[in-house]
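[1] Provided below are the primary sequence and the corresponding predicted coordinates.
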Amino acid sequence: MASNQNIPKPVKFAFGGISGMGATVVVQPLDLLKNRMQLSGEGGAARAHRTVFHAGLSVLKSEGVSGLYKGLSAGLARQILYTTTRVGVYTTLFEKFSGPDGKPPGFFTKAGCALTAGAIGSFVGTPAEISLIRMTADGGLPPEKRRNYKSVFNAISRISKEEGVLTLWRGCGPTVGRAMVVNIAQLVTYSSAKEQLLATGYFKDNVLCHFASSMISGLVTTIASMPVDICKTRIQNMKVVNGVPEYKGAVDVFLKTVRNEGLFSLWKGFTPYYARLGPHTVIMFLLLEKLNKTYVNVFVK
């Protein structure tokens, strides 16, 4: 069978974005609930959500089923920008540092490729990220404080006009930091979990093993990345009143959150974040493998 190396780089980029978009359609409600929970407890939030079930019932009651998919256009745009770039950059770097005989690069080289790809991808995707945060947060605010963006295009256009183009990259530092933490945590824990599960003799290298490995990896990644994620979320959602922003930066968010809401508030939205991360990874890679295999079978064989 022909190798995936026979697939042109532009096609690999496109497949990365398409697979990420497919996974996003499935997990978008969890992303919305995670953002609502992370923002609950702030001064502008209409209500504090005690659990993911409380947040979900609140959304269904006040906004209906469609409310769970608010910000979907921004979520899809984020995948087009972030995942396409991340997969493309990682694939390019991976092939560049592979040996002449096709031998893959060593662990630390792969980790460096993952960190670089995550950082570049998150920078490119930040405008869609900030649109997603604001659109999913809107329904949790009092009516007079809502931004009421109609789509990701409307959000980006209004943010540029009303707050300046650079606002589209507000929170870029924490966004890049989170992406680097997520990429390195996933890389280390996924491969380790998969090796351990296969060593038990109860698992084979199949979808079940990939799913279990992804969920274990997702747990570790969630614990490690959530404090950075909540800082990013609050910075990107904040408003500037009379020229004074709510937060001075990520450190200010961290300190105020811990002081006003307690240390464990840094892991608000843990359940939907974790429930989103594992399945999103599984669905994305299953779709990516299927697209690659279909392309090879149709155009290369």
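    Happy to help now that I have it.
[2] Quick check: end-to-end length of stretch 159-169?
    In stretch 159-169, first residue to last residue: 11 Å (CA to CA, to the nearest Å).
[3] can you map out the strands along the chain?
    240-241, 244-245 (DSSP state E).
[4] how far does the last one sit from the chain's center?
    Averaging C-alpha coordinates over strand 244-245 and over its chain gives two centres that are 27 Å apart (CA atoms, centre = their mean, to the nearest Å).
[5] swap in stretch 183-199?
    19 Å.
[6] Quick one: mean pLDDT over it.
    In this model, stretch 183-199 has a mean pLDDT of 81.
[7] Which residues does it contact?
    86, 110-111, 114-115, 117-118, 203-205, 209-210, 212-214, 216-217, 220-221, 224-225, 281 (CB atoms under 8 Å, 6 or more residues apart in numbering). All C-beta spots, glycine's among them, are computed from the backbone N, C-alpha and C.
[8] Name the residues of that stretch that are buried.
    By neighbour count on 16 or more other CB atoms under 10 Å, the buried set for stretch 183-199 is 183, 184, 185, 186, 187, 188, 189, 190, 193, 194, 197.
[9] Let me know the closest of the residues you listed to residue 131.
    When the buried residues of stretch 183-199 are compared for distance to residue 131 (CB to CB), residue 183 wins out at 22.2 Å.
[10] Could you double-check that residue 37 sits in contact with residue 53?
    No. Assessed by CB atoms under 8 Å, residue 37 is found out of contact with residue 53, at 10.9 Å.
[11] Of those two, give the one with the bigger neighbour count.
    Set residue 37 next to residue 53 and count neighbours by other CB atoms under 10 Å: residue 37 wins out with 28 against 11.
[12] ok, now how distant is that one from residue 263?
    16 Å (CB to CB, to the nearest Å).
[13] Kindly report the same for residue 221.
    For residue 221 relative to residue 263 (CB to CB), the value is 20 Å.
[14] neighbour-wise, which of the two wins?
    Taking neighbours as other CB under 10 Å, residue 221 and residue 263 compare with residue 221 leading, 26 against 10.
[15] residues contacting that one?
    Applying CB under 8 Å, 6+ apart, the residues near residue 221 are 181, 182, 185, 186, 189, 277.
[16] how about 7 Å then?
    Residues counted as contacts of residue 221 (CB atoms under 7 Å, 6 or more residues apart in numbering) are 182, 185, 186, 189, 277.
[17] From the residues you listed, pick the one nearest residue 287.
    Among those, and counting by CB to CB, the member closest to residue 287 is residue 277, at 16.1 Å.
[18] Count the neighbours of residue 62 for me.
    12.
[19] my bad, residue 258
    If we define neighbours as other CB under 10 Å, then residue 258 has 14 of them.
[20] From residue 267, how far off is it?
    Counting by CB to CB, the gap from residue 258 to residue 267 is 11 Å.
[21] now for the helix or strand of the chain with the lowest mean pLDDT, which elements pack on it?
    Ranked by mean pLDDT, DSSP states H and E, the weakest helix or strand in the chain is strand 240-241, scoring a mean of 81. If you count contacts as 3 or more CB pairs under 7 Å, 6 or more residues apart in numbering; DSSP states H and E, strand 240-241 packs onto no helix or strand.
[22] nearest residue to residue 24 other than its sequence neighbours?
    residue 75 (4.7 Å; CB to CB, 6 or more residues apart in numbering).
[23] Quick check, pLDDT for that neighbour.
    So residue 75 comes in at 94 (pLDDT).
[24] Check residue 202 too.
    At residue 202, pLDDT is 91.
[25] coming back round to it: which one of the buried residues of stretch 183-199 is nearest residue 245?
    Nearest to residue 245 among those, with distances taken as CB to CB, is residue 183, at 28.6 Å.
[26] what separates that closest one from residue 59, distance-wise?
    The value you get for residue 183 to residue 59, if CB to CB is used, is 30 Å.
[27] burial measure for residue 66, as a count.
    10.
[28] One more: residue 114?
    Neighbours of residue 114 using other CB under 10 Å come to 24.
[29] what does stretch 131-147 rub up against?
    Against stretch 131-147 from outside (CB under 7 Å, 6+ apart): 31-32, 35-36, 39-40, 44-47, 59, 62-63, 67, 70-71, 74-75, 78, 148-149, 152, 155-156, 233, 236-237.
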